[in-house]
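Chemist: predicted structure and sequence below. I'll ask about it afterward.
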Amino acid sequence: MRKTALLLLFVLLLTTRTATMADYNDELLDIIHYTESINLPINDWSVTIREQVSAKKATDLIKKMKKEGLKETKKEKASSVNYLLHDIQNSTDVDVYYNVIVHSGKAELIAVIEGQGWSEKTLDTYVEKIVNVKNNLFTDMAQTFACLTTTDDAIISSDYFFKDFTKKFDIQHQSKQFDNNENSAHNFIFYGYTPLWTQEISLDNTPMNIQVAVTENAEGHLTYTIGTPILINEY
C-alpha cells in the first residue's frame with residue numbers, strides 16, 4: 001500500500017513539473033517567437049533576474065551554491081563585497097551564473113541565464129533552468145530583464161521592421177532617440193509600451209516596457225537589440 005502511495009506521489013510530482021514546464025512563457029520567449037516568425041537569426045540572448053535580499057539570506061545562498069559545486073570569485077571594494085558564482089560543470093548551451101552583492105547589511109541577488117542561437121533543445125533547457133531559478137531563489141518581487149540580439153543580413157529597412165513589430169506587439173507611446181554622435185540615421189533607440197506584458201517602468205509619467213537599440217555595421221546591415229522592460233546590456 002505504501003509503495004502504491006509513493007508511486008502515485010511521484011507521478012503527481014512529475015505531472016505537475018511537466019505541466020509547469022509546458023505552460024511556461026515569458027517576455028524572452030515572446031520576442032524569440034516573433035524573431036523566428038520573420039526569419040531573422042537569433043545571435044545571443046539573456047535573462048537577468050534581480051531582487052533585494054537580506055544579508056543573511058545572501059550568505060546562506062552563497063554557502064549552499066558552493067556546496068553544490070559552483071565556483072566562487074570574490075571581489076572586495078571599499079563599501080561592498082561582490083560574489084560571482086558559476087557552474088563550471090555546466091555543459092549545456094545555456095549558461096547560468098549568479099552575482100551576490102553585499103552592501104551595508106543589505107544584499108542584491110542577481111541571476112543571469114544566457115546563450116547564443118536558439119533551438120528546440122535550447123528552449124527545453126532554458127525553461128527548465130529559469131523555472132528552477134525562479135522557484136528556488138526568488139520571490140514575486142523580483143525584477144526580470146530580457147534581451148535578444150538579431151542581425152538583418154537581408155537589409156530590410158528599419159521602417160518595415162518597426163511597422164511590423166509595433167503591429168504584432170500592439171506598441172503604444174512610441175518614441176525614438178537618435179545617437180547624435182554617429183553619422184548615421186540608423187543608430188537610434190526605440191521606446192514603447194506593449195499591454196502584452198505586466199512589468200513596466202515610467203518615463204516622464206508614460207509607461208514603457210520595451211526598448212530596441214538599432215545599430216548599423218560596416219556592411220550596412222542592421223542589428224536590433226531588443227530588451228524589456230529596459231535594456232541593461234551593452235549594445
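Modeler: Right, received. Where do you want to start? Keep in mind the model is a prediction, meaning the values are calculated, not measured.

Chemist: in which helix or strand does the most centrally placed residue in the chain reside?
Modeler: The structure's the chain has its C-alpha centroid closest to residue 47; by Cα atoms, centre = their mean the separation is 1.5 Å. Using DSSP states H and E, residue 47 sits within strand 44-54.

Chemist: what packs against that strand?
Modeler: helix 27-37, strand 106-116, helix 120-137, strand 143-152 (3 or more Cβ pairs under 8 Å, 6 or more residues apart in numbering; DSSP states H and E). Placement of C-beta: from N, CA and C, glycine included.

Chemist: rebuild the ones you listed as TSV, extending it with distance to residue 72 and mean neighbour count.
Modeler: Formatted as TSV, the helices and strands packed on strand 44-54 follow (distance: least, Cβ to Cβ, whole Å; neighbours: other Cβ atoms under 10 Å):
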stretch	distance to residue 72	mean neighbour count
helix 27-37	27	18
strand 106-116	14	18
helix 120-137	16	15
strand 143-152	24	21
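
Chemist: need the ones you listed in JSON lines (columns: mean pLDDT).
Modeler: Output for those, formatted as JSON lines (pLDDT from 0 to 100):
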{"stretch": "helix 27-37", "mean pLDDT": "96"}
{"stretch": "strand 106-116", "mean pLDDT": "95"}
{"stretch": "helix 120-137", "mean pLDDT": "93"}
{"stretch": "strand 143-152", "mean pLDDT": "95"}
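
Chemist: as a markdown table, those with distance to residue 43 would be great.
Modeler: As requested, the helices and strands packed on strand 44-54 are exported to a markdown table (distance: least, Cβ to Cβ, whole Å):
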| stretch | distance to residue 43 |
| --- | --- |
| helix 27-37 | 10 |
| strand 106-116 | 7 |
| helix 120-137 | 13 |
| strand 143-152 | 4 |
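
Chemist: residue 216: which of those is closest?
Modeler: strand 143-152 (10.0 Å; Cβ to Cβ).

Chemist: just confirm residue 170 is within a helix.
Modeler: No - counting by DSSP: H, G, I helix; E, B strand; the rest coil, residue 170 falls outside a helix, being coil.

Chemist: which residues are in contact with it?
Modeler: 194, 195, 196 (Cβ atoms under 8 Å, 6 or more residues apart in numbering).

Chemist: pLDDT at it, what is it?
Modeler: pLDDT recorded at residue 170 is 97.

Chemist: could you do residue 11 as well?
Modeler: Looking at residue 11, its pLDDT stands at 38.

Chemist: re earlier: go through the helices and strands packed on strand 44-54 and name the closest to residue 230.
Modeler: strand 143-152 (7.1 Å).

Chemist: quick check: angle from the closest one to helix 27-37?
Modeler: Going by axes from the mean of the first three to the mean of the last three Cα atoms, to 10 degrees, strand 143-152 is angled at 10 degrees with respect to helix 27-37.

Chemist: relative to strand 44-54, how tilted is strand 143-152?
Modeler: 170 degrees.

Chemist: neighbouring strands - and their directions - for strand 143-152?
Modeler: strand 44-54 (antiparallel), strand 222-228 (antiparallel) (DSSP bridges).

Chemist: I am finished for the moment; much appreciated.
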